[in-house]
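Asker: what follows is a protein structure lacking sequence information:
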Ligand SMILES: O=c1ccn([C@@H]2O[C@H](COP(=O)(O)O)[C@@H](O)[C@H]2O)c(=O)[nH]1
């Protein structure tokens, strides 16, 4: 295996789905030099709050805070202001909160130097057509992602969270600039688990993903460092030659 290239390191986000700092930090330390970005989600943030963010920043990691905000516009704008002092690079909110909520969040972030980039979650990668129908949405996941994605970008967010299946479709409508952050990534040999719309790392990169979010295929692998190296190699080989 070759040594990881900076371009592929910047394309991978490790999902730190752990219950405590004392379990998450050793996992990160074991991958020292192989990971530039980590994602702190609800499980870890609700348990540890700002302290885990500070610990990860001390280790010179870039942080994606995946709080998936979803509330009335005034409340979400306030939450964006509260998060803006933390030093995280990316923050999520649900596109289904609607254009007014997204605009209020984008306006709040625009007024704060160093605020995180805002990513609207379109349709969770754990949802397939029948799960979506159970919520009253009769469109296919791809149609719903296209609708919510365009609406969210028009409302002023910096990017979207989508599955690998919708990247090409979204790039056709929103262009190359917005960030497309893609969870539901499964290397060919990994278990799918609760995810429904999954693609391999290479497929997501070739379709135009900005960054990939990977959790269990790394954290539950028998050798997490080897799993990361293999994903980085796959990313590297899928990147256009000029970006390697
Ligand atoms: O649509 C979404 C939005 C967020 N996620 C998050 O990504 C990781 C994926 O973890 P895996 O273990 O690789 O499945 C997880 O933290 C989710 O909360 C998502 O999966 N889908």
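Answerer: Here it is on my side, so go on. This one's a predicted model, so the numbers in the text were calculated from it and none came from an experiment. Residues are numbered from 1 along each chain as shown.
Asker: where does pLDDT dip in the chain?
Answerer: Within the chain, the segments meeting pLDDT under 70 span 1-4, 242, 244.
Asker: what segments of this protein are helices?
Answerer: Ranges of helices in the chain, per DSSP state H, are 6-9, 21-29, 42-48, 50-58, 73-84, 99-110, 129-134, 141-154, 167-174, 201-207, 216-219, 224-238.
Asker: ok, the residue sitting nearest the centre point of the chain - contacts?
Answerer: Nearest residue to the geometric centre of the chain (C-alpha atoms, centre = their mean): residue 181, 4.6 Å. If you count contacts by C-beta atoms under 8 Å, 6 or more residues apart in numbering, residue 181 has them with 13, 64, 90, 119, 159, 160, 161, 209, 210, 211, 212, 213. In this view, the C-beta of every residue, glycine as well, is placed from N, C-alpha and C.
Asker: burial count for the fourth one?
Answerer: To tie it back to what came earlier, the one meant is residue 119. By other C-beta atoms under 10 Å, the residues close to residue 119 number 26.
Asker: please point out which parts of stretch 60-79 sit buried.
Answerer: Within stretch 60-79, the residues scored as buried using 16 or more other C-beta atoms under 10 Å are 61-70, 73, 76-77, 79.
Asker: ok, and what's touching that stretch?
Answerer: Applying C-beta under 8 Å, 6+ apart, the set of residues contacting stretch 60-79 is 13, 15, 28, 35-42, 45, 53, 56-57, 80, 83, 86-94, 96-97, 100-101, 103-105, 107-108, 116, 121, 181, 213.
Asker: for whatever residue of the chain ends up closest to the ligand, phi and psi?
Answerer: Using C-beta to the nearest ligand atom, the single residue of the chain nearest to the ligand is residue 215, 2.7 Å away. The phi/psi pair for residue 215 (degrees, to the nearest 10) reads phi -110, psi -90.
Asker: so what's it up against?
Answerer: Listed by C-beta under 8 Å, 6+ apart, the contact partners of residue 215 are 14, 15, 16, 17, 39, 183.
Asker: quickly list what the second one is bridged to.
Answerer: In other words, residue 15. Residue 15 has these beta-bridge partners by DSSP bridges: residue 39.
Asker: how much space separates it from residue 142?
Answerer: 23 Å (C-beta to C-beta, to the nearest Å).
Asker: quick one: which of those two has more around it?
Answerer: residue 15 (21 against 18).
Asker: and the protein, which residues reach the ligand?
Answerer: 15, 17, 39, 41, 121, 124-125, 161, 183-184, 195, 213-217 (C-beta under 6 Å from any ligand atom).
Asker: among these, which one sits closest to residue 239?
Answerer: Nearest to residue 239 among the residues of the chain next to the ligand is residue 214, at 16.3 Å by C-beta to C-beta.
Asker: note down every partner strand of the longest strand along the chain and its orientation.
Answerer: The residue-count maximum for a strand in the chain (DSSP state E) belongs to strand 62-69. As defined by DSSP bridges, the strand partners of strand 62-69 come to strand 37-40 (parallel), strand 90-94 (parallel).
Asker: quick one, which of those gets closest to residue 222.
Answerer: Nearest of the strands paired with strand 62-69 (C-beta to C-beta): strand 37-40, 20.9 Å.
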